[in-house]
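A.B. asks: just a sequence and a predicted model for now, questions to come.
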Amino acid sequence: MRFRKRRRQPGAAILAAVCLATGAIAAERPAAGQTLSPLEATSPPVTGDELFAKLLEHNRTRDLGLQQYSATRTYIVSNDKGKVYAEETVRVAYQAPDHKTFVTESEEGSKLVRDMVLKRLLESESETSSGHAHRDSSIKPVNYEFRLIGEQDVGPHHCLVAEAIPRRRDKYLFEGRVWIDARDYAIVRIAGQPAKSLSFWITRVDFVRQYQKLGDFWLPAEDDTTVHVRLYGKKILTIDHRDYVINSTHGDGTEKLGGDARAVIRTSAARAEQVPARPRENTEEGSQ
């Protein structure tokens, strides 16, 4: 009797599929200094529906005011032992209402991982934002129900914490928790897993997204997605968002923040310096 040898799916291809799915819903670890206090199971001042309404009102106000921004993103693919397979730094430019462009500033490590994971992730985000591959994955009542569970501090921000319950099993939706600032009603943090299994090869996916307040706007700070791959172990995608320039009116990097006040908003370089350097692995396989 002859047995067929089962082909092993490349680790880079698996991670690419996961990133394209979870990239639509977000990912990450808390930014430096933004620790979580114990969850207080109190009676929140609003219902889940009221919280959703306030969140949507905040989002509408944000969309009206946020005409454009640019930022630097650093993408890193590694394993749970800290070995880096690939790293890419890009400058992203957003123009209201939905246009994004990406320019690569530097890239290191495995070309296979960069091509199959990072470049595909950037292409997917660009296509989705421009409407060419729209996926209805936004946090709104048609996709989610909010169930309030208490209050918690995320760094300096006091938040209402809600369970996000997806209304359908869809790999572009998630199930988990959402932390919403109790004063601004903006999302501060998201943590969870995809609402639907992504693949036989994926045993678990965990992600967190951390936001930061810059002037009047809340924008992404860090993303961290941990993928548990059958036969290949843990793979980690981290994204660091920094050097924001918001509603720029001049080529010199100045920007307008409400009224006539002008300033350049930049995230602290000290935060990046607190992250320990990781050993780089230039293997083209990227599957170990």
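C.D. replies: Yep, it's here. Residues are numbered from 1 along each chain as shown.
A.B. asks: can you pull out the helices in the protein?
C.D. replies: Under the criterion DSSP state H, the chain carries helices at the ranges 11-22, 48-65, 111-113, 119-129, 269-273.
A.B. asks: check which residues of the third one are buried.
C.D. replies: Neighbour counts over helix 111-113 (16 or more other Cβ atoms under 10 Å) mark Leu112, Val113 as buried. Quick note: C-beta positions are derived from backbone N, CA and C, even for glycine.
A.B. asks: give me the packing partners of it, helices and strands only.
C.D. replies: Applying 3 or more Cβ pairs under 8 Å, 6 or more residues apart in numbering; DSSP states H and E, one finds that helix 111-113 makes contact with helix 11-22, strand 84-95.
A.B. asks: just give me the lowest mean pLDDT stretch among those.
C.D. replies: For the helices and strands packed on helix 111-113, the weakest mean pLDDT is recorded on helix 11-22, namely a mean of 54.
A.B. asks: Arg209: how many residues sit nearby?
C.D. replies: The number of residues packed near Arg209 is 24, by other Cβ atoms under 10 Å.
A.B. asks: if I look at it, how far off is Arg177?
C.D. replies: 11 Å (Cβ to Cβ, to the nearest Å).
A.B. asks: and the helices of the chain, which one is worst for confidence?
C.D. replies: helix 269-273 (a mean of 35).
A.B. asks: who does the nearest residue to Tyr144 once chain neighbours are set aside bridge with?
C.D. replies: On the basis of Cβ to Cβ, 6 or more residues apart in numbering, the spatially nearest residue to Tyr144 that is not a chain neighbour turns out to be Ala164, at 5.0 Å. Taking DSSP bridges as the rule, Ala164 bridges to Phe146, Gly176.
A.B. asks: distance check, Ala164 against Val208.
C.D. replies: 13 Å.
A.B. asks: now the common contact residues for those two.
C.D. replies: Ile190 (Cβ atoms under 8 Å, 6 or more residues apart in numbering).
A.B. asks: for the stretch 151-288 of the chain, which segments count as strands?
C.D. replies: Here the stretch 151-288 of the chain has its strands, by DSSP state E, counting those that start in this stretch, at 157-166, 174-181, 187-194, 202-214, 217-229, 233-246.
A.B. asks: those strands: which one's closest to Thr61?
C.D. replies: strand 217-229 (10.0 Å; Cβ to Cβ).
A.B. asks: and the closest one, what does it pack onto?
C.D. replies: Using 3+ Cβ pairs under 8 Å, 6+ apart, strand 217-229 is in contact with helix 11-22, helix 48-65, strand 68-79, strand 202-214, strand 233-246.
A.B. asks: fine, thanks again, bye for now.
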